[in-house]
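Peer 1: with the sequence up front, the predicted model follows.
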Amino acid sequence: KQEVTQIPAALSVPEGENLVLNCSFTDSAIYNLQWFRQDPGKGLTSLLLIQSSQREQTSGRLNASLDKSSGRSTLYIAASQPGDSATYLCAVSGNAGNNRKLIWGLGTSLAVNP
Amino acid sequence: NAGVTQTPKFRVLKTGQSMTLLCAQDMNHEYMYWYRQDPGMGLRLIHYSVGEGTTAKGEVPDGYNVSRLKKQNFLLGLESAAPSQTSVYFCASSYVGQGIYYGYTFGSGTRLTVV
């Protein structure tokens, strides 16, 4: 059974710092991996999607990498800003069927302090 | 461009009451999902649909029913609400284009309290 773990559970950094959020999964047979952002009391916003054949994806100050063989993904945030404060969730999609159900981590709660 | 719209945003129910949560998407997505999010449990899939007229059970389907009579709408029903169904409910949709999966779009959530 696929399990997704995110470490750390919470992180507090000063503004401007570069940071890395970690996501690990137990079954390397994934279809893709996604990173989401969730603001308090709000829905989830998709940040980056990495297909299983890709190694990384970039969007602005965000870079996500994927290493299927080791069951790990990292989300790198450059020059962090207070507006980056949110919970970041990682989710993987398995190969079974074509419904693309996601298995979720519990998230990393990030606070960027001015 | 509304994306995924959930109604209502908040609701308080008494134990045993019924209600329906509505999810509407305007992106012509084939796949739609209902999740619940609870502290320390993460997001868990309740039911999903791979197309109009089709539904399937997810991880935690008990106590819920769904219908997808139209491609753009996915309804989640609680026939007899229980306090254990107090949660935040999220609807999402996704699609596959030319064999490539393009990811999820989420609604803003429905906060349901059952007393």
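Peer 2: Received, thanks.
Peer 1: got any ranges where chain A has weak pLDDT?
Peer 2: Along chain A, the model assigns pLDDT under 70 to residues A:95-100.
Peer 1: could you tell me which residues of it lie near chain B?
Peer 2: With Cβ under 8 Å from any Cβ of the partner chain as the criterion, chain A comes near chain B at residues A:31-32, A:34, A:36, A:41-46, A:49, A:51, A:89, A:91, A:93, A:98-102, A:104-107. (Glycine included, C-beta is placed from N, CA and C.)
Peer 1: of the residues you listed, which belong to strands?
Peer 2: A:31-32, A:34, A:36, A:44-46, A:49, A:51, A:89, A:91, A:93, A:102, A:104 (DSSP state E).
Peer 1: between those, which is nearest B:A92?
Peer 2: Using Cβ to Cβ, the shortest approach to B:A92 within those belongs to A:L44, at 7.8 Å.
Peer 1: just list whatever residues bridge to that closest one.
Peer 2: Taking DSSP bridges, one obtains A:Q38 as the residues bridged to A:L44.
Peer 1: so it sits against A:R37, correct?
Peer 2: Yes. Taking contacts as Cβ atoms under 8 Å, A:L44 lies within contact range of A:R37: 7.0 Å.
Peer 1: for the residue nearest the centre of chain B, what are its contacts?
Peer 2: The centre of chain B sits closest to B:W34, judged by Cα atoms, centre = their mean, with a distance of 2.6 Å. For B:W34, the contacting residues are B:21, B:23, B:45-48, B:58, B:64, B:66, B:74, B:76, B:89-91, by Cβ atoms under 8 Å, 6 or more residues apart in numbering or on different chains.
Peer 1: immediately after whichever helix or strand it is part of, which helix or strand?
Peer 2: In this assignment (DSSP states H and E), B:W34 forms part of strand B:31-38. Stepping forward along the backbone from strand B:31-38, the first helix or strand reached (DSSP H and E) is strand B:42-51.
Peer 1: how confident was the prediction at the closest residue to B:G16 other than its chain neighbours?
Peer 2: Once its chain neighbours are removed from consideration, B:G16 has its nearest residue in B:S80; the separation is 5.3 Å (Cβ to Cβ, 6 or more residues apart in numbering or on different chains). In this prediction, B:S80 carries a pLDDT score of 96.
Peer 1: can you list phi and psi of B:S80 for me?
Peer 2: Note on B:S80: its backbone torsions stand at phi -150, psi 90 [degrees, to the nearest 10].
Peer 1: touching, B:V114 and B:L13? I think so.
Peer 2: Yes. The pair B:V114 and B:L13 qualifies as a contact (Cβ under 8 Å) at a distance of 4.9 Å.
Peer 1: intersection of neighbour lists for these two?
Peer 2: Residues touching both B:V114 and B:L13 by Cβ under 8 Å, 6+ apart: B:A81.
Peer 1: one step back: farthest pair within the ones in strands among the residues of chain A next to chain B?
Peer 2: Using Cβ to Cβ, the pair of those lying farthest apart is A:Y31 and A:T45, separated by 20.8 Å.
Peer 1: on that earlier part again, mind listing which of the contacts of B:W34 are in helices?
Peer 2: When the contacts of B:W34 are checked against helices using DSSP state H, none is located there.
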